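Asks: have a look; sequence and predicted model below, questions after that.
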Amino acid sequence: MELIFSTESLAQAKRYAAWRDAICDVYVHVDVHAEDQSNYDGFIREAQFGAVTVTDILLSHQQISRRRSHLAKLDKDCYYVQFIQTGNINVLQSGSTLSTNAGTGALFCASEPYDLQCLGKIRSYYLEMPREVFASRFAKDRIPVSATLSTGRGLGRIAVEFCSMLASQGASLDGSVRARLGEELMDVLALAFDSAQDDEPLSDHSLQKARLRSVKAWLEDHLCDPALTVEAIAKGNAISLRYLHSLFTLEGTSVSNWVWNRRLERSYDMLLNSNHDAYSLTEIAYRVGFSSSSHFSTAFRRKFGVRPSDVKRANSV
């Protein structure tokens, strides 16, 4: 993730003022107040996934307030989702107080007044999503303003794991892949918060579909590893081989076939991208995870009906 701001290199006496300015510049018009301004640490790291911004943030003890006066200069009409790694934050919005921690995430709206009471030092992920785009994923009578989500198990845990993988691994991915993952992340979050309104467990089928999205996100990041095996995929996602195979039955395919198809699709995109003109077919094959150029050519022709050399030649004309 890209480092946007850090107090680390600043003199202690200048840290709080610099942080307060950074919050207002990077996020949204708010008031920031810390009682102990002489002992402040903070950083902001950020990555973009299409319409979704994922931020990894360190906060010290403080209160952040957004009032009607700030809303008059509406700079962002978005939702925030807060997934705390360490510490506690109270989110006050629409007459409700949402107590959040490592086991409870929160959704709140930037275009409504709110307060964030940061209790001690906090490490958290923040997801910023366009309000209209995210709200469209709910039935009209179920669109939330603010809500909590249990993140210790079930779909809430899947959402946190998905977010964590994007934050740690996703920034180096191609822009179109990141945009696609951002859309899938909003789908998972909407499903999780919508289900939480009923306080009922999701069906096994819904949980499987959400878990499948999370596995696919992991695979997109590891797709080009020639040593990728089904055992490594299961271990990397903390699931059994049997459960991994059952997830891909939802797709009507096997996990191995899905991986090979995605590798071929990625190779086709590379052949059409002028930024990769200098790569030979063998180099492209290796870059998408094939260990044999002949296997790559055979599989490519079987899937697309043309040879990779024909696609490369046609694109260079």
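Replies: In hand now; what should we look at? Numbering: from 1, shown residues only.
Asks: name all residues that make contact with the residue nearest the centre of the chain.
Replies: Among the residues of the chain, the one closest to the centroid is Cys163, at 3.9 Å (Cα atoms, centre = their mean). Cys163 makes contacts with Val54, Phe83, Tyr125, Leu127, Leu185, as judged by Cβ atoms under 8 Å, 6 or more residues apart in numbering. To be clear about C-beta, it is placed using only N, CA and C from the backbone, and glycine gets the same treatment.
Asks: just the ones of these in helices?
Replies: Using DSSP state H, the members of these that fall in helices are Leu185.
Asks: now the contacts of Cys163 in TSV, with pLDDT, neighbour count and distance to Ser6?
Replies: TSV is the format used below for the contacts of Cys163 (pLDDT from 0 to 100; neighbours: other Cβ atoms under 10 Å; distance: Cβ to Cβ, whole Å):
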residue	pLDDT	neighbour count	distance to Ser6
Val54	94	26	17
Phe83	95	22	21
Tyr125	94	20	17
Leu127	95	26	21
Leu185	93	26	25
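Asks: output the contacts of Cys163 in TSV, with distance to Gln48 appended to each entry.
Replies: Formatted as TSV, these follow (distance: Cβ to Cβ, whole Å):
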residue	distance to Gln48
Val54	8
Phe83	17
Tyr125	14
Leu127	11
Leu185	12
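Asks: ok, the contacts of Cys163 vs Arg137, which is closest?
Replies: Leu185 (11.3 Å; Cβ to Cβ).
Asks: so the closest one sits against Ala51, correct?
Replies: No: with contact defined as Cβ atoms under 8 Å, Leu185 does not count as touching Ala51 (10.0 Å).
Asks: okay, how far is it across stretch 285-301, tip to tip?
Replies: Stretch 285-301 has an end-to-end distance of 13 Å (criterion: Cα to Cα, to the nearest Å).
Asks: quick one: that stretch to chain centroid distance?
Replies: Stretch 285-301 sits 30 Å away from the centroid of its parent chain (Cα atoms, centre = their mean, to the nearest Å).
Asks: for that stretch, buried residues please.
Replies: Ala285, Tyr286, Arg287, Val288, Gly289, Phe290, Ser293, Phe296, Ser297, Ala299, Phe300 (16 or more other Cβ atoms under 10 Å).
Asks: restricted to strands, list the contacts of Cys163.
Replies: Among these, the residues falling in strands (DSSP state E) are Val54, Phe83, Tyr125, Leu127.
Asks: let me know the closest of these to Thr7.
Replies: Thr7 has its nearest neighbour among these in Tyr125, at 19.1 Å by Cβ to Cβ.
Asks: so the closest one bridges to which residues?
Replies: Asp56, Phe83 (DSSP bridges).
Asks: residue contacts, it?
Replies: Val54, Thr55, Asp56, Ile57, Gln82, Phe83, Gln85, Val160, Cys163, Ser164, Ala167.
Asks: strands of the stretch 201-317 of the chain, residue ranges please.
Replies: For the stretch 201-317 of the chain, strands defined by DSSP state E, counting those that start in this stretch do not occur.
Asks: where does it dip in pLDDT?
Replies: Low-confidence segments of the stretch 201-317 of the chain, defined by pLDDT under 70: 201-207, 276, 315-317.
Asks: what is the nearest of the contacts of Tyr125 to Arg213?
Replies: Proximity of the contacts of Tyr125 to Arg213 was ranked by Cβ to Cβ; the top entry is Cys163 with 11.9 Å.
Asks: okay, the closest one and Val54: tell me how far apart.
Replies: Applying Cβ to Cβ, to the nearest Å, the value for Cys163 to Val54 is 7 Å.
Asks: shared neighbours of the two, anything?
Replies: What both Cys163 and Val54 touch, as defined by Cβ under 8 Å, 6+ apart, is the set Tyr125, Leu127.
Asks: among the contacts of Tyr125, name the buried ones.
Replies: Val54, Thr55, Asp56, Ile57, Gln82, Phe83, Val160, Cys163, Ala167.
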